[in-house]
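> for reference, the sequence and a predicted model appear below.
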2 protein chains.
Amino acid sequence: MARVRLYSSLPLEAAHHVLSEALSRRAMVVALCRCRVQYEGRGSSRLGEGERLLIVKPDGVVLVHRPRGHQPVNWQPESRSIEVRLGGGSLLLRSVRERPREVLEVYIDSVEALVVAEDVRDEAEFIEYLDEHEVRDILARHPEELEEGLRVLRVEKPVGQGYVDIFCVDREGRPVIVEVKRVTAGREAVLQLKRYVDAVKSENPGVEVRGILAAPSIAKEALILLRSLGLEYRRIDPAKLYKRYRSELRRRGGGSSARSLLSFLGGG
Amino acid sequence: MARVRLYSSLPLEAAHHVLSEALSRRAMVVALCRCRVQYEGRGSSRLGEGERLLIVKPDGVVLVHRPRGHQPVNWQPESRSIEVRLGGGSLLLRSVRERPREVLEVYIDSVEALVVAEDVRDEAEFIEYLDEHEVRDILARHPEELEEGLRVLRVEKPVGQGYVDIFCVDREGRPVIVEVKRVTAGREAVLQLKRYVDAVKSENPGVEVRGILAAPSIAKEALILLRSLGLEYRRIDPAKLYKRYRSELRRRGGGSSARSLLSFLGGG
DNA sequence: GGATTGATCTCGTAC
DNA sequence: GTACGAGGTCAATCC
């Protein structure tokens, strides 16, 4: 269990002391504080005074969250060093990262709440279902879901500078490129497929090459583009495919996890 | 100033009470807790027991952060409803979102620390410098940075289904499409430019149309592709452009903010 | 609403 | 390290 200390309305001098020690021990720090923020690196930004949530993780990640919005207003994905320093009436937390060099500076003007947690334990596995990888593997095993007579030759086949999701031949022996999307396909997906089809064509001059975009839906304009390029669209239902073939899937998490998802999907 | 309450090692019954009231008052909640997480929506995920930081913002954003990594392991960008309920030996926080329908469930097994903050005030403006928008505007005012004799006709010109960053004519009267990137350009940027050039060509049959990709650098393979497509690359330095022309920029934040950035860039 | 694009995108992975 | 593509991408903007 994590060892936790809480402080409220901490004077800056005391906060400096607590933060210094917490950071040296690689503790997790959460502070609700008035602060200003400067960032300099790939971009630049300034944020005036206000109350925010400042988070420092044991691995050097720094996050500054405003009271609204999903994303942090400022952050540091990793830090080479995190330092705290008193000066000019505020407590400066300075995080520096190299490659690319980026400096995040949080000028803390007051600390309303401070939580320091050492030894935060979290070893559990995170399991994601139904990502594109998984949908692609199901379709590679069951190409009949796309078209009868389709034979799979390669999965993740390198073509040109990219990778074809599934490389097949149809019942008439024509090469078929399948591009899989687990969300609505847009124009980029169509152009991606087109690129692969063109690459295979150029490697096999004179051969007719088909391209199939497999997605749960497709944007209207993307469909028009797809048809004008002589490509094809097949609607798929990732959740249904999952329910139908889950037993064949080899997951990192094992079969019991797969069953727990199935119960959510309402299947038998 | 925000009104803050802190709790440590809170029994689940007490945590239930505190959380219920906090959520009804739209307070900001930060909890360090043992929990399990389930997510069901556009995708699906499961996370076993471990210690995490649970954040609920006044606007209904929910974040679950593990002790490592920049990104939340689970989240809800907005919630239609957030409910807490005791049952089965744990405290369930359930966030539901519509369009798309997504359900995030955090099963809290113990609460090590809990921070509730009401009226977290943060009205400050967030100012970003040197985003693509800004670099594009500078180049639109100073096309000579790309090529002598270039004349700008349109900025953000709709072409086909997309938008051309800068639409010019060169000294010989040929249309020039400029695509601006503030980071290393990859193959996608080249293809994006190609699309616009083709669209303009198709609208002006028989007219030679040039395409210039302006970026601080370009991936090796992207450069090969660009040349094979008959397009051009111009290196730009966003920071230098900024220093050279910042005085002309009309910013939301006004001139003083611009000056504060300049001091960082080391300019006069 | 849908569609398009940028992002300090982040993150994984293959070469 | 570079390059490439996925993402529960998010968020802004234009239509």
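Perfect, I can see it now.
> report pLDDT for the closest residue to DNA strand C within the stretch 51-200 of chain A.
Residue of the stretch 51-200 of chain A nearest DNA strand C, by CB to the nearest atom of the strand: residue A:74 (3.7 Å). Any C-beta I mention is one placed from the backbone N, CA and C, and that applies to glycine too. On pLDDT, residue A:74 comes in at 98.
> repeat that for residue A:132.
The score at residue A:132 is 88. That number is its pLDDT.
> list the contacts of it.
With contact taken as CB atoms under 8 Å, 6 or more residues apart in numbering or on different chains, residue A:132 is in contact with A:180-182.
> and it, how close does it get to residue A:200?
Applying CB to CB, to the nearest Å, the value for residue A:132 to residue A:200 is 21 Å.
> tell me, how many residues neighbour the residue of chain A found nearest DNA strand D?
With CB to the nearest atom of the strand, the shortest gap between chain A and DNA strand D falls at residue A:162, namely 2.7 Å. Number of residues near residue A:162 (other CB atoms under 10 Å in any protein chain shown) recorded here: 12.
> ok, now which ones touch it?
A:192, A:195-196, A:199.
> wait, residue A:201 touches residue A:195, no?
No - Residue A:201 sits out of contact with residue A:195 when judged by CB atoms under 8 Å, with a separation of 10.6 Å.
> more neighbours: the two, which one.
Taking other CB under 10 Å, residue A:201 and residue A:195 do not tie; residue A:195 has more neighbours (20 against 16).
> quick check: which element contains the closest residue to residue A:170 other than its chain neighbours?
If the residues on either side of it in the chain are set aside, residue A:170 comes closest to residue A:176, at 5.2 Å by CB to CB, 6 or more residues apart in numbering or on different chains. Using DSSP states H and E, residue A:176 maps to strand A:175-180.
> counting contacts, what elements does that strand pack onto?
On a contact count with 3 or more CB pairs under 8 Å, 6 or more residues apart in numbering or on different chains; DSSP states H and E, strand A:175-180 meets helix A:132-141, strand A:162-169, helix A:187-203, strand A:210-215.
> what does the domain assignment say about chain A?
For chain A, automatic domain parsing gives the domain ranges A:3-118, A:132-261.
> and the first one, is it in reach of DNA strand D?
Yes - for domain A:3-118, a contact with DNA strand D is found by CB under 7 Å from any atom of the strand, at A:69-71, A:99.
> just checking, residue A:85 is part of a helix?
No - using DSSP: H, G, I helix; E, B strand; the rest coil, the assignment for residue A:85 is strand, not a helix.
> next, count neighbours for it.
Residue A:85: 12 surrounding residues under other CB under 10 Å.
> quick check: closest non-adjacent residue to residue A:78.
In space, residue A:78 is closest to residue A:60, 5.3 Å off (CB to CB, 6+ apart).
> all strands for chain A, in order.
Along chain A, counting by DSSP state E, strands occupy A:3-10, A:28-40, A:44-56, A:62-65, A:74-76, A:81-87, A:90-97, A:102-118, A:126-129, A:151-159, A:162-169, A:175-180, A:210-215, A:232-235.
> tabulate these (CSV), appending distance to residue B:246.
CSV is the format used below for the strands of chain A (distance: least, CB to CB, whole Å):
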stretch, distance to residue B:246
strand A:3-10, 39
strand A:28-40, 15
strand A:44-56, 12
strand A:62-65, 26
strand A:74-76, 22
strand A:81-87, 28
strand A:90-97, 25
strand A:102-118, 20
strand A:126-129, 44
strand A:151-159, 45
strand A:162-169, 39
strand A:175-180, 44
strand A:210-215, 45
strand A:232-235, 48
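> indicate which one of those strands is closest to residue B:213.
Evaluated over the strands of chain A, closeness to residue B:213 peaks at strand A:162-169, with 19.3 Å, by CB to CB.
> ok, the closest one near DNA strand C or not?
No - Strand A:162-169 stays out of contact with DNA strand C when judged by CB under 7 Å from any atom of the strand, the minimum separation being 7.7 Å.
> show me what contacts the residue nearest to residue A:170?
Counting by CB under 8 Å, 6+ apart, residue A:176 touches A:147, A:150, A:167-170, A:209-212.
> return the member of those residues nearest to residue A:44.
residue A:211 (42.8 Å).
> hmm, residue A:194 and that closest one touching each other?
Yes - using CB under 8 Å, residue A:211 makes contact with residue A:194 at a distance of 6.8 Å.
> tell me, what's touching the two both at once?
A:229, A:231.
> who has more neighbours, the two?
Legend: neighbour count by other CB under 10 Å for residue A:211 and residue A:194, higher for residue A:211 (26 against 20).
> coming back round to it: which one of the contacts of residue A:132 sits in the busiest neighbourhood?
Ranked by neighbour count (other CB under 10 Å), the contacts of residue A:132 have residue A:180 at the top, with 25 neighbours.
> near DNA strand C, which residues of the stretch 51-200 of chain A? Just list them.
Neighbours of DNA strand C within the stretch 51-200 of chain A, by CB under 7 Å from any atom of the strand: A:72, A:74-77, A:102, A:104, A:158, A:184, A:186-188.
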